[in-house]
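Visitor: let's see this in three dimensions:
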Amino acid sequence: MKLRFCILFVFVLIHSFSFSQNKKTPFTFIVLGDMPYNLPKDNLKFENVIRVLNKRNQAFNVFVGDFKSSKTPCSDTAFQKILGYFNSFKKPLIYTPGDNEWTDCGKPQTGSYSTNERLSAIRAQFFKDTSHSLGKSKMELSSESSNVAYAKYVENKMWKYNGISFATIHLVGSNNNFNTDRLNSNEEFYERSQANIFWLNTVFEQAKKDSSLGIVIFEHADMIAPDKGKEGFVTFLKELQKLVESYKKPVLLVNGDSHEYKVDKPLYENEELKKTVLNFTRLQVFGEADMHAVEVTVNPKNPALFEINQIWIPEINK
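Guide: The predicted model follows:
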């Protein structure tokens with residue numbers, strides 16, 4: 001009995017030590033989005049992007065939406081081709097949707113689909129396994145859909161890696177599918193907005209419970225840009241700022257949408273004085289013509305926690 005107790009005690013000590021060591025160990029993850037756009041030639045370029053990233057030593061990859069342009073077909077065939085690309089990543093790939101793959105699918109050049117039907121198709125095809133990532137190697141994920149009240153939101157994910165809390169939240173460009181024409185229903189927007197606010201709060205609550213070193217949130221929309229519309233993002237941004245300021249630890253928001261690489265601190269404690277919310281950083285990835293990626297190193301020895309580096313993908317011979 002004493003021997004069993006000693007063995008169990010040693011196991012607990014080793015487990016606790018390894019966990020604390022993991023929290024101090026730097027690691028990297030890779031983010032990209034808004035590609036391939038100009039088909040069919042960009043398919044070959046995207047294959048090259050995947051080849052390059054598959055040679056690196058990241059823990060996982062995240063694709064922040066828009067796996068097609070707003071002018072290319074939204075067919076199941078097109079979706080399945082991209083799903084095949086996502087599953088060809090050697091390391092886990094986590095995906096959050098963009099506007100081009102569903103809100104823009106009502107256009108004639110994309111196939112004149114019902115946008116809500118295409119959203120359902122995205123959920124059915126890309127999030128069939130609600131508890132794991134895409135990619136050749138899988139990562140376990142928690143899904144908001146495990147909550148009966150938000151069962152349809154299979155795309156909102158959460159996971160933890162080496163002491164960092166990660167999450168995807170479904171916010172998209174084109175004003176987050178909020179239509180300013182009162183003749184049109186915004187039922188989808190309001191339902192998803194409620195689910196997103198709930199998930200955002202869940203992420204911060206869980207990070208506090210886990211004593212996470214920091215939080216990373218991935219979403220598609222460039223919701224901070226003044227020319228992108230504000231009605232679809234104002235509630236979420238207010239809640240995000242409130243949670244970030246009370247959390248105190250580093251928070252990194254990663255988005256796509258604008259196809260312009262950018263790292264900035266766009267939130268202010270005092271807008272008039274431009275007093276920055278220092279623990280918040282926004283990373284916006286490359287996209288469209290610039291088919292490149294970004295590597296983020298999580299370094300617990302750095303007070304800012306997140307170290308961001310560009311990955312330039314070499315041009316392939318045309």
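Visitor: touching, Thr110 and Cys74? I think so.
Guide: Yes: here Thr110 reaches Cys74: they are 4.7 Å apart, a contact under C-beta atoms under 8 Å. Yep, even glycine has a C-beta here, placed from its N, CA and C like the rest.
Visitor: between those two, which contacts overlap?
Guide: Shared contacts of Thr110 and Cys74 (C-beta atoms under 8 Å, 6 or more residues apart in numbering): Asp104.
Visitor: phi and psi next, for Val263.
Guide: Comment: the main-chain dihedrals of Val263 come out as phi -130, psi 120, following degrees, to the nearest 10.
Visitor: to clarify, my last question referred to Gln80.
Guide: Summarising the backbone geometry of Gln80 under the convention degrees, to the nearest 10, its torsions are phi -70, psi -30.
Visitor: and it, what is it in contact with?
Guide: By C-beta under 8 Å, 6+ apart, Gln80 lies in contact with Gln125.
Visitor: from Asn87, how far out is it?
Guide: 10 Å (C-beta to C-beta, to the nearest Å).
Visitor: output the lowest mean pLDDT helix or strand found in this structure.
Guide: Lowest on mean pLDDT, DSSP states H and E among the helices and strands of the chain sits helix 2-24, with a mean of 42.
Visitor: next helix or strand past it?
Guide: Per DSSP states H and E, the first helix or strand lying C-terminal to helix 2-24 is strand 27-32.
Visitor: average model confidence for that following strand?
Guide: In this model, strand 27-32 has an average pLDDT of 98.
Visitor: what packs against that strand?
Guide: Here strand 27-32 touches helix 41-53, strand 61-63, strand 293-298, going by 3 or more C-beta pairs under 8 Å, 6 or more residues apart in numbering; DSSP states H and E.
Visitor: just how off-centre is it within its chain?
Guide: Using C-alpha atoms, centre = their mean, to the nearest Å, the distance from the centre of strand 27-32 to the centre of the chain it belongs to is 11 Å.
Visitor: who's in contact with it?
Guide: Taking contacts as C-beta under 8 Å, 6+ apart, the residues outside strand 27-32 that touch it are 49, 53, 56-64, 161-162, 218, 254, 283, 285-286, 292-298, 311.
Visitor: may I have the strands that pair with that strand, each with its orientation?
Guide: strand 61-63 (parallel), strand 293-298 (antiparallel) (DSSP bridges).
Visitor: okay, the angle between that strand and helix 41-53?
Guide: 180 degrees (axes from the mean of the first three to the mean of the last three C-alpha atoms, to 10 degrees).
Visitor: tally of neighbours for Glu47?
Guide: Burial of Glu47 is recorded as 14 neighbouring residues (other C-beta atoms under 10 Å).
Visitor: now it. Nearest residue, chain neighbours left out?
Guide: Distances taken as C-beta to C-beta, 6 or more residues apart in numbering put Tyr85 closest to Glu47, at 7.4 Å, once the chain neighbours are dropped.
Visitor: same thing with Leu93?
Guide: Using C-beta to C-beta, 6+ apart and skipping residues adjacent in sequence, the residue nearest Leu93 is Gly135, 4.1 Å away.
Visitor: roughly how far apart are that neighbour and Thr276?
Guide: Using C-beta to C-beta, one obtains 36 Å as the distance from Gly135 to Thr276.
Visitor: quick one, strands of this structure?
Guide: Assigned by DSSP state E, the chain shows strands spanning 27-32, 61-63, 93-95, 142-143, 157-161, 164-168, 214-218, 251-255, 262-264, 268-270, 275-276, 280-284, 293-298, 306-311.
Visitor: direction included, what does the fourth one pair up with?
Guide: So the one you mean is strand 142-143. Strand 142-143 has these partner strands in its sheet, going by DSSP bridges: strand 157-161 (antiparallel).
Visitor: ok, and what's touching the partner strand?
Guide: 27, 29, 59-60, 94, 96, 139-144, 165-168, 199, 202-203, 206, 210, 212.
Visitor: just name the most buried of the strands paired with strand 27-32.
Guide: Of all those, strand 61-63 carries the top mean neighbour count, a mean of 26, counting by mean count of other C-beta atoms under 10 Å.
Visitor: give me the most central residue, this structure.
Guide: Most central residue of the chain, judged by C-alpha distance to the mean C-alpha position with C-alpha atoms, centre = their mean, is Phe218 at 2.7 Å.
Visitor: that residue touches Val64, doesn't it?
Guide: Yes: with contact taken as C-beta under 8 Å, Phe218 and Val64 are classed as touching, separated by 5.4 Å.
Visitor: common neighbours of those two, please.
Guide: Where contact means C-beta under 8 Å, 6+ apart, the residues bridging Phe218 and Val64 through contact with each are 31, 96, 254-255.
Visitor: need those residues in CSV with distance to Asp129 and neighbour count, can you?
Guide: Below are the shared contacts of Phe218 and Val64 laid out as CSV (distance: C-beta to C-beta, whole Å; neighbours: other C-beta atoms under 10 Å):
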residue, distance to Asp129, neighbour count
Val31, 21, 27
Thr96, 16, 26
Val254, 23, 26
Asn255, 25, 27
